[in-house]
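Engineer: dropping a prediction and its sequence here:
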Amino acid sequence: MYTVLTKFPDALTNKSWQKKKSFLDKAKAKTKTGLGTELEAVEKSWDKINWPSLDATQAMGKVDQSAKYKSAKEFDFAKAVGESEVKGQVAVVRKNLLKVSKLAHTTSQNKDLSKDAIKKAQEIARGLLDLETGLRDIDLSDFDEKKSRWLELQAMQLKGLKKAVLELEVGLTAVAKDPTVDNWNNKVKQKFRSVGNTLGNNDAFKEDWKVWINFDGLQIEKDPALKVKGITEEAQKKIVLGHVKTAIGPLQKLKVKVAKM
(Lines give C-alpha, C1' and ligand atoms only; values in the text may rest on other atoms or scores of the structure.)
Protein backbone atom coordinates (compact mmCIF):
# COMPACT_ATOMS: atom_id res chain seq x y z
CA MET A 1 0.00 0.00 0.00
CA TYR A 2 1.23 3.48 -0.79
CA THR A 3 0.05 7.01 -0.07
CA VAL A 4 2.16 8.91 -2.58
CA LEU A 5 0.48 10.04 -5.81
CA THR A 6 1.38 7.77 -8.71
CA LYS A 7 1.62 10.61 -11.23
CA PHE A 8 4.90 12.45 -11.11
CA PRO A 9 4.08 15.99 -9.86
CA ASP A 10 3.99 18.63 -12.57
CA ALA A 11 5.69 21.09 -10.21
CA LEU A 12 8.79 18.88 -10.14
CA THR A 13 9.21 18.37 -13.86
CA ASN A 14 11.83 19.89 -16.12
CA LYS A 15 9.06 21.79 -17.89
CA SER A 16 8.10 23.51 -14.64
CA TRP A 17 11.76 24.19 -13.87
CA GLN A 18 12.39 25.78 -17.26
CA LYS A 19 9.39 28.10 -16.85
CA LYS A 20 10.96 29.65 -13.77
CA LYS A 21 14.34 30.26 -15.36
CA SER A 22 14.94 33.67 -16.89
CA PHE A 23 16.48 34.26 -20.31
CA LEU A 24 19.84 34.94 -18.66
CA ASP A 25 19.55 31.78 -16.54
CA LYS A 26 19.31 29.80 -19.75
CA ALA A 27 21.99 31.77 -21.55
CA LYS A 28 24.82 32.00 -19.01
CA ALA A 29 27.28 29.14 -18.67
CA LYS A 30 27.43 29.65 -14.88
CA THR A 31 23.76 28.80 -14.54
CA LYS A 32 23.77 25.58 -16.56
CA THR A 33 23.44 23.00 -13.80
CA GLY A 34 22.11 19.95 -15.65
CA LEU A 35 19.09 19.85 -13.33
CA GLY A 36 16.61 19.76 -16.22
CA THR A 37 18.11 16.64 -17.75
CA GLU A 38 18.17 14.88 -14.38
CA LEU A 39 14.54 15.80 -13.70
CA GLU A 40 13.52 14.22 -16.99
CA ALA A 41 15.45 11.08 -16.12
CA VAL A 42 13.95 10.72 -12.65
CA GLU A 43 10.45 11.28 -14.04
CA LYS A 44 10.97 8.50 -16.59
CA SER A 45 12.19 6.13 -13.89
CA TRP A 46 9.18 7.06 -11.73
CA ASP A 47 6.80 6.18 -14.56
CA LYS A 48 8.31 2.69 -14.76
CA ILE A 49 7.11 1.77 -11.26
CA ASN A 50 4.53 -1.03 -11.31
CA TRP A 51 2.07 0.71 -8.96
CA PRO A 52 -0.70 -1.95 -8.98
CA SER A 53 1.76 -4.51 -7.64
CA LEU A 54 2.27 -2.35 -4.53
CA ASP A 55 -1.37 -2.25 -3.48
CA ALA A 56 -3.25 -5.40 -2.46
CA THR A 57 -6.62 -4.11 -3.61
CA GLN A 58 -5.33 -3.42 -7.11
CA ALA A 59 -3.16 -6.52 -7.25
CA MET A 60 -5.75 -8.97 -5.92
CA GLY A 61 -9.09 -7.35 -6.59
CA LYS A 62 -11.88 -7.62 -4.05
CA VAL A 63 -11.01 -10.38 -1.61
CA ASP A 64 -14.67 -10.79 -0.74
CA GLN A 65 -15.07 -12.43 -4.11
CA SER A 66 -13.78 -15.58 -2.43
CA ALA A 67 -14.53 -17.79 -5.41
CA LYS A 68 -11.88 -15.91 -7.38
CA TYR A 69 -9.03 -17.33 -5.30
CA LYS A 70 -8.29 -21.00 -4.78
CA SER A 71 -5.23 -20.85 -2.54
CA ALA A 72 -3.54 -18.62 0.02
CA LYS A 73 -0.44 -19.02 -2.15
CA GLU A 74 -1.98 -16.56 -4.61
CA PHE A 75 -1.74 -13.82 -1.97
CA ASP A 76 1.83 -14.82 -1.12
CA PHE A 77 2.77 -14.70 -4.80
CA ALA A 78 1.20 -11.27 -5.28
CA LYS A 79 3.02 -9.94 -2.23
CA ALA A 80 6.29 -11.40 -3.52
CA VAL A 81 5.77 -9.48 -6.77
CA GLY A 82 5.29 -6.31 -4.72
CA GLU A 83 8.40 -7.00 -2.66
CA SER A 84 10.39 -7.51 -5.84
CA GLU A 85 9.17 -4.16 -7.14
CA VAL A 86 10.17 -2.44 -3.88
CA LYS A 87 13.65 -3.94 -4.04
CA GLY A 88 13.94 -3.27 -7.75
CA GLN A 89 12.43 -0.28 -9.53
CA VAL A 90 11.27 1.52 -6.38
CA ALA A 91 14.79 1.32 -4.93
CA VAL A 92 16.21 2.68 -8.19
CA VAL A 93 13.78 5.59 -8.15
CA ARG A 94 14.47 6.38 -4.49
CA LYS A 95 18.19 6.57 -5.22
CA ASN A 96 17.54 8.83 -8.21
CA LEU A 97 15.24 11.10 -6.20
CA LEU A 98 17.88 11.61 -3.52
CA LYS A 99 20.55 12.31 -6.13
CA VAL A 100 18.46 14.83 -8.05
CA SER A 101 17.19 16.44 -4.84
CA LYS A 102 20.81 17.02 -3.83
CA LEU A 103 21.51 18.53 -7.25
CA ALA A 104 18.46 20.81 -6.92
CA HIS A 105 19.69 21.93 -3.49
CA THR A 106 23.12 22.69 -4.94
CA THR A 107 21.46 24.54 -7.80
CA SER A 108 19.48 26.66 -5.35
CA GLN A 109 22.77 27.91 -3.92
CA ASN A 110 23.95 29.21 -7.28
CA LYS A 111 23.97 32.97 -6.78
CA ASP A 112 24.12 33.58 -10.52
CA LEU A 113 20.57 32.26 -10.92
CA SER A 114 17.54 34.54 -10.79
CA LYS A 115 15.52 34.65 -7.56
CA ASP A 116 12.61 32.81 -9.16
CA ALA A 117 14.89 30.03 -10.34
CA ILE A 118 16.55 29.73 -6.91
CA LYS A 119 13.15 29.54 -5.24
CA LYS A 120 12.00 26.90 -7.73
CA ALA A 121 15.16 24.83 -7.19
CA GLN A 122 14.48 24.87 -3.45
CA GLU A 123 10.90 23.75 -4.07
CA ILE A 124 12.10 20.93 -6.30
CA ALA A 125 14.70 19.79 -3.76
CA ARG A 126 12.05 19.54 -1.04
CA GLY A 127 9.47 17.96 -3.33
CA LEU A 128 11.80 15.20 -4.48
CA LEU A 129 12.66 14.38 -0.88
CA ASP A 130 8.95 14.12 -0.10
CA LEU A 131 8.52 11.67 -2.98
CA GLU A 132 11.43 9.59 -1.71
CA THR A 133 9.84 9.50 1.74
CA GLY A 134 6.56 8.32 0.19
CA LEU A 135 8.34 5.47 -1.57
CA ARG A 136 10.31 4.60 1.56
CA ASP A 137 7.05 4.30 3.50
CA ILE A 138 5.45 1.79 1.11
CA ASP A 139 3.91 -0.92 3.28
CA LEU A 140 2.83 -4.30 1.90
CA SER A 141 1.04 -5.45 5.05
CA ASP A 142 -2.27 -4.94 3.25
CA PHE A 143 -1.51 -8.16 1.35
CA ASP A 144 -1.36 -9.98 4.69
CA GLU A 145 -4.64 -8.40 5.73
CA LYS A 146 -6.29 -9.52 2.50
CA LYS A 147 -4.90 -13.00 2.99
CA SER A 148 -6.19 -13.16 6.57
CA ARG A 149 -9.62 -12.05 5.42
CA TRP A 150 -9.62 -14.69 2.71
CA LEU A 151 -8.60 -17.38 5.19
CA GLU A 152 -11.45 -16.31 7.45
CA LEU A 153 -13.85 -16.65 4.55
CA GLN A 154 -12.39 -20.06 3.74
CA ALA A 155 -12.92 -21.18 7.32
CA MET A 156 -16.54 -20.05 7.14
CA GLN A 157 -16.92 -21.80 3.80
CA LEU A 158 -15.43 -25.01 5.19
CA LYS A 159 -17.85 -24.89 8.09
CA GLY A 160 -20.67 -24.53 5.58
CA LEU A 161 -19.27 -27.42 3.54
CA LYS A 162 -19.28 -29.74 6.54
CA LYS A 163 -22.92 -28.89 7.11
CA ALA A 164 -23.76 -29.32 3.43
CA VAL A 165 -22.09 -32.76 3.34
CA LEU A 166 -24.12 -33.95 6.32
CA GLU A 167 -27.33 -32.57 4.85
CA LEU A 168 -26.64 -34.29 1.52
CA GLU A 169 -26.01 -37.54 3.36
CA VAL A 170 -29.36 -37.23 5.14
CA GLY A 171 -31.05 -36.41 1.84
CA LEU A 172 -29.53 -39.36 -0.01
CA THR A 173 -30.52 -41.69 2.81
CA ALA A 174 -34.11 -40.49 2.50
CA VAL A 175 -34.11 -40.86 -1.29
CA ALA A 176 -32.65 -44.36 -1.00
CA LYS A 177 -35.70 -45.36 1.05
CA ASP A 178 -38.10 -43.97 -1.53
CA PRO A 179 -36.14 -43.37 -4.79
CA THR A 180 -38.54 -41.23 -6.75
CA VAL A 181 -37.66 -38.37 -9.09
CA ASP A 182 -39.63 -35.97 -6.90
CA ASN A 183 -37.77 -37.02 -3.79
CA TRP A 184 -34.47 -36.54 -5.60
CA ASN A 185 -35.42 -33.04 -6.70
CA ASN A 186 -36.80 -32.06 -3.31
CA LYS A 187 -34.24 -33.68 -1.01
CA VAL A 188 -30.83 -33.71 -2.73
CA LYS A 189 -30.75 -31.71 -5.97
CA GLN A 190 -29.83 -28.38 -4.36
CA LYS A 191 -27.70 -30.06 -1.70
CA PHE A 192 -25.38 -31.42 -4.39
CA ARG A 193 -24.88 -27.88 -5.60
CA SER A 194 -24.16 -26.62 -2.09
CA VAL A 195 -21.33 -29.13 -1.79
CA GLY A 196 -20.00 -28.48 -5.28
CA ASN A 197 -19.86 -24.71 -4.86
CA THR A 198 -17.04 -25.09 -2.34
CA LEU A 199 -15.17 -27.98 -3.91
CA GLY A 200 -14.81 -26.30 -7.27
CA ASN A 201 -13.22 -23.18 -5.82
CA ASN A 202 -10.62 -24.51 -3.41
CA ASP A 203 -7.30 -26.13 -4.26
CA ALA A 204 -7.58 -28.32 -1.18
CA PHE A 205 -10.31 -30.23 -3.00
CA LYS A 206 -8.73 -30.28 -6.46
CA GLU A 207 -8.69 -34.08 -6.68
CA ASP A 208 -12.15 -34.43 -5.17
CA TRP A 209 -13.53 -31.97 -7.70
CA LYS A 210 -12.51 -34.26 -10.56
CA VAL A 211 -15.20 -36.63 -9.27
CA TRP A 212 -17.70 -34.13 -7.90
CA ILE A 213 -17.84 -32.04 -11.05
CA ASN A 214 -20.24 -34.69 -12.28
CA PHE A 215 -22.43 -34.46 -9.18
CA ASP A 216 -24.28 -31.22 -9.87
CA GLY A 217 -27.69 -32.41 -8.70
CA LEU A 218 -28.87 -32.62 -12.28
CA GLN A 219 -27.93 -36.27 -12.78
CA ILE A 220 -31.59 -37.25 -12.95
CA GLU A 221 -32.50 -34.58 -15.47
CA LYS A 222 -29.54 -35.52 -17.66
CA ASP A 223 -30.16 -39.27 -17.59
CA PRO A 224 -31.68 -40.25 -20.96
CA ALA A 225 -32.94 -43.52 -19.50
CA LEU A 226 -35.54 -41.57 -17.51
CA LYS A 227 -36.81 -39.91 -20.67
CA VAL A 228 -37.79 -43.13 -22.37
CA LYS A 229 -41.44 -43.01 -23.29
CA GLY A 230 -43.61 -45.30 -21.23
CA ILE A 231 -40.99 -45.99 -18.54
CA THR A 232 -42.54 -47.64 -15.52
CA GLU A 233 -42.44 -46.22 -12.00
CA GLU A 234 -40.46 -49.23 -10.85
CA ALA A 235 -37.87 -48.65 -13.57
CA GLN A 236 -37.63 -44.99 -12.59
CA LYS A 237 -36.99 -45.89 -8.96
CA LYS A 238 -34.27 -48.34 -9.96
CA ILE A 239 -32.50 -45.64 -11.98
CA VAL A 240 -32.78 -43.04 -9.21
CA LEU A 241 -31.48 -45.54 -6.66
CA GLY A 242 -28.54 -46.20 -8.97
CA HIS A 243 -27.65 -42.52 -8.89
CA VAL A 244 -27.88 -42.53 -5.11
CA LYS A 245 -25.49 -45.46 -4.86
CA THR A 246 -23.06 -43.80 -7.28
CA ALA A 247 -22.87 -40.71 -5.06
CA ILE A 248 -22.69 -42.44 -1.67
CA GLY A 249 -19.07 -43.65 -2.02
CA PRO A 250 -17.55 -40.27 -2.97
CA LEU A 251 -19.71 -38.58 -0.34
CA GLN A 252 -18.42 -40.83 2.45
CA LYS A 253 -14.84 -40.21 1.32
CA LEU A 254 -15.45 -36.47 1.30
CA LYS A 255 -17.12 -36.62 4.71
CA VAL A 256 -14.02 -38.23 6.23
CA LYS A 257 -11.77 -35.64 4.62
CA VAL A 258 -13.66 -32.54 5.74
CA ALA A 259 -14.04 -33.95 9.25
CA LYS A 260 -10.25 -33.86 9.58
CA MET A 261 -9.96 -30.25 8.40
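Structural biologist: Sure, I can see it.
Engineer: how is the protein carved up into domains?
Structural biologist: 10-139, 149-259 (automatic domain parsing).
Engineer: out of the ones you listed, nearest to Thr3?
Structural biologist: domain 10-139 (6.2 Å; CB to CB). Where you see a C-beta, it was placed from the backbone N, CA and C, and this is true even at glycine.
Engineer: could the domains of the chain go into TSV alongside mean pLDDT?
Structural biologist: Shown next, in TSV, are the domains of the chain (pLDDT from 0 to 100):
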stretch	mean pLDDT
domain 10-139	90
domain 149-259	91
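Engineer: just the helices in the stretch 51-200 of the chain please.
Structural biologist: 56-60, 73-85, 91-108, 115-136, 141-177, 181-187, 189-199 (DSSP state H, counting those that start in this stretch).
Engineer: what is the second one packed up against?
Structural biologist: Helix 73-85 makes packing contacts with helix 56-60, helix 141-177 when contacts are defined by 3 or more CB pairs under 8 Å, 6 or more residues apart in numbering; DSSP states H and E.
Engineer: mean neighbour count, these: which tops it?
Structural biologist: Comparing the helices and strands packed on helix 73-85 by mean neighbour count (mean count of other CB atoms under 10 Å), helix 56-60 comes out on top with a mean of 18.
Engineer: report how many residues lie close to Ala41.
Structural biologist: As a burial measure, Ala41 scores 14 neighbours (other CB atoms under 10 Å).
Engineer: for Asp178, same thing?
Structural biologist: Asp178 has 13 neighbours, counted by other CB under 10 Å.
Engineer: for it, grab phi and psi.
Structural biologist: Main-chain torsions, Asp178, degrees, to the nearest 10: phi -140, psi 80.
Engineer: distance check, it against Ala235.
Structural biologist: 15 Å (CB to CB, to the nearest Å).
Engineer: now swap in Lys73 and tell me
Structural biologist: For Lys73, the distance to Ala235 (CB to CB) stands at 49 Å.
Engineer: try Gln109
Structural biologist: On the measure of CB to CB, Gln109 and Ala235 end up 98 Å apart.
Engineer: one more: Lys120?
Structural biologist: Using CB to CB, one obtains 91 Å as the distance from Lys120 to Ala235.
Engineer: so between those two, which is more surrounded?
Structural biologist: The residue with more neighbours, out of Lys120 and Ala235, is Lys120; 24 against 13, by other CB under 10 Å.
Engineer: pretty sure that one sits against Lys15.
Structural biologist: No - between Lys120 and Lys15 there is no contact under CB atoms under 8 Å: 11.7 Å.
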